[in-house]
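K.L.:
Predicted coordinates and the sequence they were generated for:
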Amino acid sequence: MSLRPVAILISQEKPSLTGKRDITLIIYLPYKTRDRTPQRKRQKEITPIQEERIISLRKKYLRYSKFKLAILYQREYGEEISSWKIQKVIEKYRLYYHPKKTERIRRKRQRAVKKKRIAKLNA
C-alpha cells in the first residue's frame, strides 16, 4: 500500500528574535487506490410476468397479507414465489388497503428515528 504525505499546521507562532517558526506535522495517509462500492449490485429477480400476476392478485385480494398472497400465487399459477418479492411489488406500486394511512404511518416512523449527532459520533 502506498502512502501520501499530508502536512498539518499545528501552531502558527510569530517569528521573533529567537527565530521560532511555524510547527508542522507530517502524517502519512494511504492513497485512495480504488472505488469501494460493489462492482455488481444485486438485481431484483422478479420478472414482469410475475409482477403483473402479483398486481392482479393483490387487487383481487387487497386485504390479504404477503404470506397469503404467496400461497394463492402458488395455487393459481403453480409457481412458488417468496413473500419478499410480493412485498417489493406492493411497495413499488403502493398497493395498500389504506394508501393515505400507510403513507402517514411510514412518514411518522421515519421521523421517529433518532438523528445521529456529530457530538456523539466523535465521542
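P.N.:
Good, I have the coordinates. Residues are numbered from 1 along each chain as shown.
K.L.:
Please, which helix or strand holds Arg109?
P.N.:
helix 99-112 (DSSP states H and E).
K.L.:
Counting by contacts, list what that helix packs against.
P.N.:
In this structure, helix 99-112 packs against no helix or strand, with contacts taken as 3 or more C-beta pairs under 8 Å, 6 or more residues apart in numbering; DSSP states H and E. Heads up, the C-betas are built off the backbone N, CA and C, glycines and all.
K.L.:
For it, which outside residues touch it?
P.N.:
Residues from elsewhere that reach helix 99-112, judged by C-beta atoms under 8 Å, 6 or more residues apart in numbering: 94, 96.
K.L.:
And the next helix or strand past whichever strand or helix holds Arg75?
P.N.:
Using DSSP H and E, Arg75 maps to helix 66-77. Note on helix 66-77: by DSSP H and E, the next helix or strand toward the C-terminus is helix 83-93.
K.L.:
Can you work out which other helices and strands pack against that following helix?
P.N.:
Helix 83-93 packs on helix 48-60, helix 66-77, going by 3+ C-beta pairs under 8 Å, 6+ apart.
K.L.:
Ok, which of the ones you listed comes nearest Tyr93?
P.N.:
helix 48-60 (6.3 Å; C-beta to C-beta).
K.L.:
List the buried residues of that closest one.
P.N.:
50-51, 53-54, 57-58 (16 or more other C-beta atoms under 10 Å).
K.L.:
Kindly report the same for stretch 59-71.
P.N.:
Quick answer for stretch 59-71 (16+ other C-beta under 10 Å): 64, 66, 69-70.
K.L.:
that older thread, and the angle from the helix holding Arg109 to helix 83-93?
P.N.:
Here the directions of helix 99-112 and helix 83-93 differ by 100 degrees (axes from the mean of the first three to the mean of the last three C-alpha atoms, to 10 degrees).
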